[in-house]
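# Below are the sequence and a predicted model for it; my questions follow.
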Amino acid sequence: MPAIQSRDLPPDLLRHLFDLARERKISMEDLFALEEWRKHSPEAPVGRKNGSH
């Protein structure tokens, strides 16, 4: 599986992600926990094709 990458995101994309987190009321504590988890190089699941779930 591919690794999740979040380094060197363009500033506009990073700003957009923080806006979404704020709109969805995701706490800074949760964002820090996500970053801590991401530091351990988790693998991303392969996406589903054709939008199926």
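Alright, I've got the coordinates. Because the structure is predicted, anything quoted here is derived from the model rather than measured. Residues are numbered from 1 along each chain as shown.
# Below-threshold pLDDT in this structure: ranges please.
Applying pLDDT under 70 to the chain picks out residues 1-6, 48-53.
# Swap in 50 and give it another go.
Filtered on pLDDT under 50, the chain yields no residues whatsoever.
# Where do the helices of it begin and end?
Ranges of helices in the chain, per DSSP state H, are 11-23, 28-38.
# tell me the angle the shortest one makes with helix 11-23.
When you say that, I think you mean helix 28-38. With axes from the mean of the first three to the mean of the last three Cα atoms, to 10 degrees as the basis, helix 28-38 and helix 11-23 are set at 130 degrees to each other.
# May I have helix 28-38 as CSV, with CA atoms only?
Extracted as CSV, the C-alpha positions of helix 28-38 are listed here (Å, rounded to 0.1, in the frame of the first residue of the first chain):
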residue,chain,number,x,y,z
MET,A,28,-6.6,20.9,17.5
GLU,A,29,-6.1,18.1,19.9
ASP,A,30,-7.5,15.7,17.3
LEU,A,31,-5.4,17.2,14.6
PHE,A,32,-2.2,16.8,16.7
ALA,A,33,-3.2,13.1,17.4
LEU,A,34,-3.6,12.6,13.7
GLU,A,35,-0.2,14.1,13.0
GLU,A,36,1.4,11.9,15.7
TRP,A,37,-0.3,8.8,14.1
ARG,A,38,0.9,10.0,10.6
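# other SSEs contacting that helix?
Other helices and strands packing on helix 28-38, by 3 or more Cβ pairs under 8 Å, 6 or more residues apart in numbering; DSSP states H and E, are absent; none qualifies. (C-beta placed from N, C-alpha, C; glycine too.)
# ok, and for that helix, which residues are buried?
Using 16 or more other Cβ atoms under 10 Å as the test for burial, helix 28-38 gives no buried residues.
# Show me how far it is from its chain's centre.
Per Cα atoms, centre = their mean, to the nearest Å, the displacement of helix 28-38 from the mean C-alpha position of its chain is 10 Å.
# that older thread, can you add distance to residue 45 and give the helices of the chain back as TSV?
What follows is the helices of the chain, written out as TSV (distance: least, Cβ to Cβ, whole Å):
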stretch	distance to residue 45
helix 11-23	20
helix 28-38	15
